[in-house]
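> need a 3D model of the sequence below.
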Amino acid sequence: MLINYSLPINSFLELQQKLFIVLFNNVDHDQPVQQLLLKYKILGLDICADTMVGNEMLGSISGGQRKRVTTGEMLVGPTNALFVDEISTVLDSSTTFQIVRSLRQYVHILNGTAVISLVQPAPKTYELFDDIIFITEGQIVYQGLREYVLEPFESVGFKCRERKGVADFLQEATSRKDQEQYWAHRDEPHRFVTVTQFAEAFQSFHFGRIIREELATPFDKSKNHPAPLTTKRLTIFTVHFLLMILAIFTMTVFLRTEMHRDSLDDGGVYAGALFFAVIVHTFNGLAEMSMKIVKLRIFYKQRDLLFYPSWAYAIPSWILKIPIAFIEATVWVFLTYYVIGFDPNVGRLLKQYLMLLLINQMASALFRVIAALGRNLVVASTCGYFALVVLFALGGFVLSIKDMKSWWIWGYWISPLMYEQNTIMFTPNSNKTLGIQILESRGYFTHEYWYWIGIGALIGFMFLFNIIYTLALTYLTFGKPQTIIIEESEGDMPNGRAREDELTRLENSEITIEVVSSSREKKRGMVLPFEPYCITFDQIVYSVDMPQITVNNKGSVSGAFSLGVLTALMGVSGAGKTTLLDVLAGRKTGGNIEGNIKVSGYPKRQETFARISGYCEQNDIHSPHVTVYESLVYSAWLRLPAQVESNTRKNPLKNSLVGLPVNGILTEQRKRLTIAVELVANPSIIFMDEPTSGLDARAAAIVMRTVRNTVDTGRTVVCTIHQPSIDIFEAFDELFLMKHGGQEMYVVPLGPHSSQLVKYFESIEGVSKIKDCYNPATWMLEVTTSAQELTLGVDFHEIYKNSELCSSSRQDLFNAIGSMYTAVVFIGPQISGSIQPIVATERTVFYRERAAGMYSALPYAIAQSIPVWWRWFYRICPVAWTIYGLVASQFGDITNVMKSENESVQEFIRSYFGFKHDFIGVCAIMVSGFVVLFLLIFAVSIKPFFNFQRR
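Just a heads-up that it's a prediction; the model follows:
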């Protein structure tokens with residue numbers, strides 16, 4: 001979901017609507033406001049319209065609300081053709097039904113077209129569609145009216161059974177392991193039908209013949225709408241504070257009272273001050289590169305949707321940087337110019353000001369170009385720093401033009417820094433005898449017109465880079481996902497009796513989730529040992545402090561997740577499911593948390609809890625530059641004990657780069673990787689936030705089988721889930737149902753075939769009865785909505801609190817806590833009693849050894865005196881020690897006499913720079929020490945109290 005995270009929802013959607021209005025300039029401008037308000041309500045965004053969208057690092061709206069914003073981004077415009085990819089991901093079935101129903105009405109009334117891809121659609125949502133396109137393994141198995149979708153499958157011998165959704169049947173009927181259970185001819189042995197055979201059967205079906213005939217008939221282009229005939233693609237304090245600190249540092253280092261003007265060496269110090277100014281303003285543009293790369297994904301999405309042309313995005317990026325450049329140049333020049341002691345002429349001050357302003361603009365444009373060409377932070381950073389090295393090397397200061405090799409002269413003349421340095425060196429030094437000598441000694445130009453040549457060159461470079469930036473945005477693309485289809489080779493096809501027996505054995509072992517869930521064989525499949533833990537929480541309240549008010553994001557919640565129990569955490573979108581998991585898992589970095597959380601009776605300590613728990617987050621966040629296999633091995637190496645051997649298993653994805661959501665592995669593959677990364681760590685408690693979102697029914701069933709097997713080993717597993725199929729829902733043992741505000745409505749076991757859940761809600765007066773073969777999860781979400789509460793005039797939370805189920809659940813919780821309390825109370829005295837005899841025996845020996853002086857006091861640190869002025873900074877600067885070591889090692893032992901100085905190179909290095917060859921070892925130790933220091937700082941910085949993530 002590519003959304004501008006820095007805007008509130010209403011501002012973001014209003015911007016998208018204005019872009020659509022510009023695109024379709026024949027739209028009535030008075031209607032969109034009313035339409036936007038209506039679409040807010042259709043999508044359920046009216047309650048959070050003023051909330052920031054947020055992203056992975058800055059939490060704000062829920063995952064379901066974020067998905068609805070993505071849908072609303074397309075709906076706010078007057079489009080008649082909608083292509084929606086997995087609209088139901090992280091949405092509950094009730095919300096999905098409402099949105100699809102609204103889209104159905106929208107399409108029927110306006111004669112539009114909508115193509116929506118869904119995974120795990122509820123039967124009620126599935127029935128809203130007119131046509132169905134069923135695609136698997138890259139082949140279309142059915143395309144036509146929804147009412148006839150089962151006929152091609154029945155023609156080859158498969159029939160959908162009772163209490164099975166048609167959408168789930170379609171997924172499983174084409175699966176090798178699940179196909180046999182739908183075989184209709186019980187008097188005949190099952191014959192495996194491949195996807196290719198299903199596709200061939202559809203081609204002989206009457207809908208298949210109709211589609212072939214329509215495709216064979218050329219389309220009448222006279223019926224085209226005139227609008228799409230166009231051939232033109234349409235697609236818009238802290239830094240300054242740090243700059244002030246840097247400027248103050250510079251003017252104290254180059255303070256005029258300490259600066260002399262008697263020799264070329266003194267003039268070289270002034271030249272160094274000017275060169276430092278060029279470096280600072282050039283590096284200021286480096287930040288532009290990373291900021292642009294972060295925004296490129298959103299830009300390419302909006303460009304490809306024809307929201308605006310590329311120049312409409314590129315030009316504002318340039319214009320908006322101009323005021324910032326004025327501020328940065330003003331801060332630097334007016335803080336440093338007179339303090340350093342440059343020419344007091346105001347005209348020369350203004351010339352330097354203009355020069356730094358253009359340098360700032362040119363550098364920003366240069367790094368924008370690198371960002372647009374690289375389109376990847378690693379590539380762009382590498383190219384950016386390489387460009388800086390080349391520009392500075394050929395700029396004329398590091399290496400004088402007189403010493404430059406002839407084959408590199410062309411680089412000197414095309415380097416922007418050459419013009420920068422010639423121009424800025426001229427501003428304070430011209431018309432002065434010493435100044436001209438300085439310029440000539442370094443190979444700079446001494447004529448005044450070179451200042452204006454430099455100004456013109458920088459303006460030219462600025463325009464050139466911005467033009468290239470615009471062209472790169474126009475013609476380059478961000479990248480495409482890796483389409484990885486796992487196909488079965490001919491050798492894998494069942495061939496012979498032995499192969500059929502093996503296939504039958506595999507199928508019978510994993511036919512449905514119901515078989516696995518009914519067996520409840522504890523400890524089955526356990527390979528790695530672990531300590532089982534349960535988690536309890538009582539009166540949990542999460543609130544966020546805001547100016548003048550405190551926003552309570554969750555009501556008081558209490559509950560327990562038991563050993564070997566698979567709990568489903570459900571509720572409408574925005575009920576607080578993810579918030580509760582974040583609080584329990586210790587992932588909240590802001591706000592106030594009240595209440596008690598205990599792990600097997602002990603107060604939860606996050607440092608320990610993180611080692612025994614796993615958390616599959618809703619957003620699949622992975623390093624994009626490693627493979628799937630490396631991600632799993634990395635997680636196992638860092639989180640499993642050292643005694644565990646590295647047993648690996650090959651799979652078709654192991655060598656695929658994870659990548660980013662735009663150009664990496666597919667959504668369902670990222671979701672499976674997220675789960676696998678946590679499971680390989682062998683956790684005792686596992687939280688899974690939407691583990692089946694983005695997966696089709698078949699893939700979701702595979703994931704839930706794995707989760708079910710994990711629970712059967714005695715682990716505690718909690719999953720938030722929105723719209724499960726009947727099989728997946730009934731694989732859970734218990735349900736924790738939440739309403740808006742975070743209050744619980746049902747926290748008890750489901751019962752066989754969800755009988756206990758159905759019995760409880762049907763006992764409430766006014767709640768409609770569940771239909772035969774209807775999904776209990778879908779029915780439950782439909783009858784517990786806020787609208788139903790208003791209609792019935794009830795509060796499901798209060799009803800549950802006053803029910804026998806709640807009192808029995810709370811008593812079970814108290815019983816569990818009481819048993820843990822008893823164990824804790826007696827473990828302490830037991831251990832204390834067993835250790836006291838040992839301590840009594842060793843105490844006499846301890847006193848004797850202490851009196852003999854065998855134990856010394858702690859050593860104390862030796863204080864370090866710090867020199868005054870800025871010399872201390874030189875001593876702690878890694879660059880200074882690095883340069884010292886390099887220069888001393890290369891030149892410190894050369895005894896050849898320098899003709900110009902009448903002394904050896906070794907003596908010159910020692911007298912001029914103070915570098916001694918004997919000090920190389922100290923330099924090596926210091927540089928190595930800085931490496932260790934920075935490593936320790938990094939390790940400390942990534943601890944929780946330096947966590948910059950806000951959720």
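
> and the pLDDT at residue 734?
Note for residue 734: predicted pLDDT of 90.

> give me the beta-bridge partners of it?
residue 567, residue 749 (DSSP bridges).

> hmm, it is touching residue 568, no?
Yes - if you go by Cβ atoms under 8 Å, residue 734 and residue 568 touch, sitting 7.2 Å apart. Every residue, glycine included, has its C-beta placed from N, CA and C.

> sec struct for residue 218, please.
When classified by DSSP: H, G, I helix; E, B strand; the rest coil, residue 218 comes out as coil.

> please apply the same query to residue 344.
coil.

> the domain parsing of this protein - what is it?
According to automatic domain parsing, the chain is divided into the following domains: 1-78, 238-475, 513-536+559-587+605-642+653-810, 871-946.

> worst mean pLDDT among these?
Looking across the domains of the chain, the weakest by mean pLDDT turns out to be domain 1-78, at a mean of 57.

> what helix or strand is residue 536 on?
Secondary structure assigned from DSSP states H and E places residue 536 in strand 535-546.

> now do the buried residues in that strand.
By neighbour count, and taking 16 or more other Cβ atoms under 10 Å as the criterion, the buried residues in strand 535-546 are 535, 536, 537, 538, 540, 541, 542.

> got the CA coordinates for that strand in PDB?
Only the C-alpha atoms of strand 535-546 are listed here, as PDB (Å, rounded to 0.1, in the frame of the first residue of the first chain):
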ATOM      1  CA  ILE A 535       0.300 -15.200  29.400                       C
ATOM      2  CA  THR A 536      -2.300 -13.400  31.400                       C
ATOM      3  CA  PHE A 537      -3.300  -9.700  31.300                       C
ATOM      4  CA  ASP A 538      -5.700  -7.900  33.700                       C
ATOM      5  CA  GLN A 539      -7.200  -4.400  33.300                       C
ATOM      6  CA  ILE A 540      -5.000  -3.400  30.400                       C
ATOM      7  CA  VAL A 541      -5.600   0.200  29.300                       C
ATOM      8  CA  TYR A 542      -3.600   2.000  26.600                       C
ATOM      9  CA  SER A 543      -3.700   5.800  26.300                       C
ATOM     10  CA  VAL A 544      -1.900   8.400  24.300                       C
ATOM     11  CA  ASP A 545      -1.100  11.900  25.700                       C
ATOM     12  CA  MET A 546      -2.000  14.800  23.500                       C
END
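
> with the buried residues of strand 535-546 in mind, which one is nearest to residue 149?
residue 535 (44.0 Å; Cβ to Cβ).

> the stretch 601-750 of the chain: helices as residue ranges?
Counting by DSSP state H, counting those that start in this stretch, the stretch 601-750 of the chain has these helices, from start to end: 606-612, 628-639, 667-679, 697-711, 726-729.

> ok, and which of those helices has the densest surroundings?
Comparing these on average neighbours per residue, with mean count of other Cβ atoms under 10 Å, the densest one is helix 726-729 at a mean of 24.

> save the buried residues of strand 535-546 as JSON lines, and put in distance to residue 82 too.
As requested, these are exported to JSON lines (distance: Cβ to Cβ, whole Å):
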{"residue": "535", "distance to residue 82": "43"}
{"residue": "536", "distance to residue 82": "46"}
{"residue": "537", "distance to residue 82": "42"}
{"residue": "538", "distance to residue 82": "47"}
{"residue": "540", "distance to residue 82": "41"}
{"residue": "541", "distance to residue 82": "41"}
{"residue": "542", "distance to residue 82": "37"}
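
> tell me the one of those nearest residue 201?
Closest to residue 201 out of the buried residues of strand 535-546 is residue 535 (50.7 Å), distances taken as Cβ to Cβ.

> distance of the closest one from residue 718?
According to Cβ to Cβ, to the nearest Å, residue 535 and residue 718 sit 8 Å apart.

> residue 334 now?
Taking Cβ to Cβ as the measure, residue 334 and residue 718 are separated by 60 Å.

> which of those two has more neighbours?
The neighbour count for residue 334 versus residue 718, taken as other Cβ atoms under 10 Å, is higher for residue 718 (26 against 13).

> residue contacts, that one?
Under the criterion of Cβ atoms under 8 Å, 6 or more residues apart in numbering, the contact list for residue 718 reads 561, 567, 569, 581, 685, 686, 687, 688, 736.

> returning to what we had before: could you tell me which residues touch both of residue 535 and residue 718?
Counting by Cβ under 8 Å, 6+ apart, the residues touching both residue 535 and residue 718 are 561, 685.

> quick one on the thing from earlier: of the helices of the stretch 601-750 of the chain, which approaches residue 882 most closely?
Closest to residue 882 of these is helix 628-639 (Cβ to Cβ; 31.8 Å).

> with distance to residue 149 added, can I get the helices of the stretch 601-750 of the chain in TSV?
Compiled in TSV, those are given as follows (distance: least, Cβ to Cβ, whole Å):
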stretch	distance to residue 149
helix 606-612	47
helix 628-639	34
helix 667-679	22
helix 697-711	14
helix 726-729	19
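
> which one of those lies nearest to residue 219?
Evaluated over these, closeness to residue 219 peaks at helix 667-679, with 32.8 Å, by Cβ to Cβ.

> which secondary structure elements does the closest one contact?
strand 613-616, helix 628-639, strand 685-689, helix 697-711 (3 or more Cβ pairs under 8 Å, 6 or more residues apart in numbering; DSSP states H and E).

> using PyMOL, define a selection of the buried residues within the contacts of residue 718.
Of those, the buried ones can be selected in PyMOL as follows, counting by 16+ other Cβ under 10 Å:
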select buried, resi 561+567+569+581+685+686+687+688+736
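
> relative to residue 177, which of the contacts of residue 718 is nearest.
Among the contacts of residue 718, residue 688 lies closest to residue 177 (Cβ to Cβ), at 22.6 Å.

> who does the closest one bridge with?
In this structure, residue 688 has the following beta-bridge partners (DSSP bridges): residue 616, residue 719.

> give me every residue that touches it.
Residue 688 makes contact with 615, 616, 675, 678, 707, 717, 718, 719, 720, according to Cβ under 8 Å, 6+ apart.

> 10 Å instead?
569, 581, 614-618, 674-675, 678-679, 703, 707, 710, 717-721 (Cβ atoms under 10 Å, 6 or more residues apart in numbering).

> how far away is it from residue 116?
If you go by Cβ to Cβ, the gap between residue 688 and residue 116 works out to 26 Å.

> and what of residue 110?
When Cβ to Cβ is applied, the distance between residue 110 and residue 116 equals 16 Å.

> ditto for residue 927
60 Å.

> neighbour count: the two, which is higher?
Neighbour comparison, residue 927 and residue 116: the larger count goes to residue 116, with 20 against 16 (by other Cβ under 10 Å).

> ok but the more buried one is inside a helix, no?
No - secondary structure assignment (three-state DSSP) places residue 116 in strand, not in a helix.

> hmm, residue 102 and it touching each other?
No - under the criterion of Cβ atoms under 10 Å, residue 116 makes no contact with residue 102, lying 12.0 Å away.

> no more questions from me, cheers.
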